[in-house]
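Asker: Return atomic coordinates for the entry below.
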Amino acid sequence: MSLNLLDVALNPQLLTKELRVQNNKKIILRPLEVKDVKLLSTFLKNLSPKTRKFYTCKSYDYSYAKELCNAINRYDKLRLVVTLKTTKQIISLLEFSFDITNEDYKRFLKYGINLTKNDCRFGPCISDDYQSKGIGSAIFPYIIDVAHKFGRKRIILWGGVLINNKKAIRFYEKKGFKNLGTYENLENGTSLDMIFNI
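Answerer: From the prediction side, this is the model:
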């Protein structure tokens, strides 16, 4: 039986995991909670202009952090955070969407792929100070496990990945994502659609 958002809201421990990264540093991957507003606000506020170009949201302030924390178990979204075990500082925000938009359906049909309810969208963001430090590689198997626990068989990148984000594209390719093609993302420019078969 698959997990659902209510299961996670009632018992965040279902998706909580302690991991070790470079220099034996301990991190915690867990669901976002209502009480995380201030921590999430600090995370968003501290993202550099370059990171904001690759990870776009409507704002990077307290009000948006509060909106995300208040949306737990609403809509189709699951948000996870990675925190430092010692300080509780949020160093990454990971977002799943379990509904596929009409735009995604149409776009992926052009690649010969019929998206279904067994697919999900995924979008990560790692704070500037923790990029290229093994966080993505450490959490990747867990991300696949979360999608699997929700009954998903494929993951697409939420909005694709901007073609000038070479580091991210290399990471996804290394992890087994397949390049499908590019499209014009009205917000940021040309994006590459990628898919992962679980």
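Asker: quick one: Pro141 and Thr42, what's the gap?
Answerer: 28 Å (Cβ to Cβ, to the nearest Å). For glycine as for every other residue, the C-beta is placed from the backbone atoms N, C-alpha and C.
Asker: ditto for Ile144
Answerer: 28 Å.
Asker: neighbour-wise, which of these two wins?
Answerer: The neighbour comparison of Ile144 against Thr42 (other Cβ atoms under 10 Å) goes to Ile144, with 17 against 14.
Asker: After the helix ranked longest in the chain, which helix or strand is next? Please name it.
Answerer: The single longest helix within the chain, with elements called by DSSP state H, is helix 135-149. For helix 135-149, the following helix or strand on the C-terminal side (DSSP states H and E) is strand 154-157.
Asker: so what does the helix or strand following that following strand touch, helix or strand wise?
Answerer: Counting by DSSP H and E, the element after strand 154-157 in chain order, helix or strand, is strand 161-162. Counting contacts by 3 or more Cβ pairs under 8 Å, 6 or more residues apart in numbering; DSSP states H and E, strand 161-162 is packed against helix 49-54, helix 166-175, strand 189-197.
Asker: For the longest one, which helices and strands make contact with it?
Answerer: Contacts of helix 166-175 with other secondary structure elements, assessed using 3+ Cβ pairs under 8 Å, 6+ apart, are made with strand 161-162, strand 189-197.
Asker: got the angle between the last one and helix 166-175?
Answerer: Same thing as strand 189-197. Here strand 189-197 points in a direction 20 degrees away from that of helix 166-175 (axes from the mean of the first three to the mean of the last three Cα atoms, to 10 degrees).
Asker: Show me how far strand 189-197 is from its chain's centre.
Answerer: Chain-centre distance of strand 189-197: 14 Å, with Cα atoms, centre = their mean, to the nearest Å.
Asker: shaky segments in the protein?
Answerer: Within the chain, not a single segment meets pLDDT under 70.
Asker: Now with 90, please.
Answerer: The chain contains residues with pLDDT under 90 at 1, 21-25, 53-58, 73-75, 185-189.
Asker: so what's Leu15 up against?
Answerer: Leu3, Val8, Leu29, Arg30, Pro31, Leu80, Val146, Lys149 (Cβ atoms under 8 Å, 6 or more residues apart in numbering).
Asker: can you do 6 Å?
Answerer: Val8, Pro31 (Cβ atoms under 6 Å, 6 or more residues apart in numbering).
Asker: Would you mind measuring from it to Asp61?
Answerer: With Cβ to Cβ as the criterion, Leu15 and Asp61 are 27 Å apart.
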